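[1] What follows is a predicted structure for the sequence shown.
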Amino acid sequence: MEKIYKREGYLNKIRGFYHDTMIKVITGIRRCGKSFLLKSIIDDLKSEGILDKDIIYIELDKKEYKDIKEPKELEKVIDELVLDNDFKYLFLDEIENIKGFEILINAYRETGNFSIFLTGSNSYLLSGELITKLTGRYIEIEMLPLNFYEYVDMKRYLGKEVNTNIYLEFENYLRSGGFPGALKYNSYEDILLYTSNVINQIFEKDIKGHRKIKNKALFELIQKFIINNFGAVISVGSIYDYLTKKEKIEVDRRTINNYIEILENAKIIYSCDLFDIKSKKIFKGDKKYYLADLSIYFALNTDNRINYGPVLENILYLYLVSKNYKLSVGKIGNLECDFIARKRNDNYYYLQVSKNIDNQSTEEREYKPFYLIKDMYPRYLFVLDFILQKNVNGIKNVNIVDFIYNNEELI
């Protein structure tokens, strides 16, 4: 029997809508665990007493369904599985394989007799006709690969060995990443090969099939540039300068912007705006990009050394996004506050991330942006080192490993 690790953080986001006719759309990078989330929901429904006959699960990537390409073909399959007029729970995995699925899905929703769950591996799922026709009658749950808490918890669930020193386990996680399927493998080389294959699948299924890329070599060069510079401030202009001056490639800025958008739509990267704390305005053009999973970087590079600055930022960014925080990078004059975190609009938090504060100059550098911010919202400094002083001038010093391992929230 297949073992299903239940990711409670995501189940809690969707449980209140199990029996609602509002369409539930689950998005996220390929292989992050969407199919298993559907199976977890089905387990929940069965535990509530929902009968097998009322649960319809169609995995459109599987052999028996792979030839279904048109809505009429899918409708025929669904209708053959509907045995009576009782309320049904319809699960369609990788729905974007069906061209023009939107009208069909909306038609089932309008009957009032279906609770519909969809998954897709890219942002095109939530574009065009679906948005127009649903007019707010859907919710999106965006999944990410495993955070460190889930990574350790899933290893234990699968009966795999977890290092007794949780900080050494964290080092393993940084390089191995959080794709759930990677936990099947024991060697680091096999894990990287698995991740490389995931990236190839994303290009073949989520990028090439949806948007025409006229110059694959150029696209891969831009992809590599952004992946290699995750956590750094990047603009279309800086990429243009790199391509034209260093690589001697003629390129249009619109092409660069288009290719970045494709990477975001495929959920490989996430953009984070720069926000001026004084003027309360977003900087146009400049952004930071974070990876959906750090193993993407290590799988595409031969250098496996860890640059802790951007790596720890990336880890914290993904963890907080999975907890429904909205993040931006704070700018105050020439200084930068690594993140401004928002939740439910009225809760603000200022966050700095550093490997350590083992000397006075590092400590002063990390604290300085906090002292220039005039309001009194909570301030956190996340570090990898053991914390000697947990509170300095109202600033909370927090060990980032402990914070995520204990599944904590900002308070």
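    Yep, it's here. Numbering: from 1, shown residues only.

[2] domains of the protein?
    Described in terms of automatic domain parsing, the domain architecture of the chain consists of the residue ranges 8-143, 145-411.

[3] now the ones you listed as JSON lines including mean neighbour count?
    C-beta here means a position set from N, CA and C on the backbone, and glycine is covered the same way. As requested, the domains of the chain are exported to JSON lines (neighbours: other C-beta atoms under 10 Å):
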{"stretch": "domain 8-143", "mean neighbour count": "17"}
{"stretch": "domain 145-411", "mean neighbour count": "17"}
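
[4] would you turn the ones you listed into TSV with distance to residue 2?
    Conversion of the domains of the chain to TSV gives the following (distance: least, C-beta to C-beta, whole Å):
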stretch	distance to residue 2
domain 8-143	8
domain 145-411	12
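
[5] Export those domains as JSON lines, with columns for mean pLDDT.
    Compiled in JSON lines, the domains of the chain are given as follows (pLDDT from 0 to 100):
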{"stretch": "domain 8-143", "mean pLDDT": "91"}
{"stretch": "domain 145-411", "mean pLDDT": "92"}
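
[6] In three-state terms, label the closest residue to residue 149 other than its chain neighbours for me.
    Excluding the flanking residues, the one nearest residue 149 by C-beta to C-beta, 6 or more residues apart in numbering is residue 407, at 4.6 Å. With DSSP: H, G, I helix; E, B strand; the rest coil as the basis, residue 407 sits in coil.

[7] I figured residue 407 hits residue 151, correct?
    No - when contacts are counted by C-beta atoms under 8 Å, residue 407 is not listed as touching residue 151 (11.8 Å).

[8] Regarding residue 301, which helix or strand does it belong to?
    Residue 301 is part of no helix or strand, with elements assigned from DSSP states H and E.

[9] For it, which non-adjacent residue is spatially closest?
    Of all residues beyond its chain neighbours, the one nearest residue 301 is residue 228 (6.9 Å), with distances taken as C-beta to C-beta, 6+ apart.

[10] Make sure that neighbour is actually in contact with residue 296.
    No - taking contacts as C-beta under 8 Å, residue 228 lies outside contact range of residue 296: 10.7 Å.

[11] Let me know the pLDDT of residue 1.
    Among the per-residue scores, residue 1 shows a pLDDT of 66.

[12] wait, doesn't residue 175 sit right on residue 195?
    No - checked against C-beta under 8 Å, the pair residue 175 and residue 195 is beyond contact range at 10.4 Å.

[13] what do those two both touch?
    Overlap of the contact sets of residue 175 and residue 195 (by C-beta atoms under 8 Å, 6 or more residues apart in numbering) consists of 295, 298.

[14] got the contact list for residue 74?
    With contacts defined as C-beta under 8 Å, 6+ apart, the neighbours of residue 74 are 58, 68, 92, 98, 101, 104.

[15] Of the residues you listed, which is the nearest to residue 170?
    The shortest separation between residue 170 and any of these is 36.8 Å, and it belongs to residue 92 (by C-beta to C-beta).

[16] Which parts of the stretch 301-411 of the chain are helices?
    If DSSP state H, counting those that start in this stretch is used as the criterion, the helices of the stretch 301-411 of the chain fall at 308-322, 360-372, 400-405.

[17] Just give me how far the shortest one sits from the chain centre.
    Relative to its parent chain, helix 400-405 has a centroid offset of 18 Å by C-alpha atoms, centre = their mean, to the nearest Å.

[18] Also the longest one?
    The chain centroid and the centroid of helix 308-322 are separated by 11 Å, computed with C-alpha atoms, centre = their mean.
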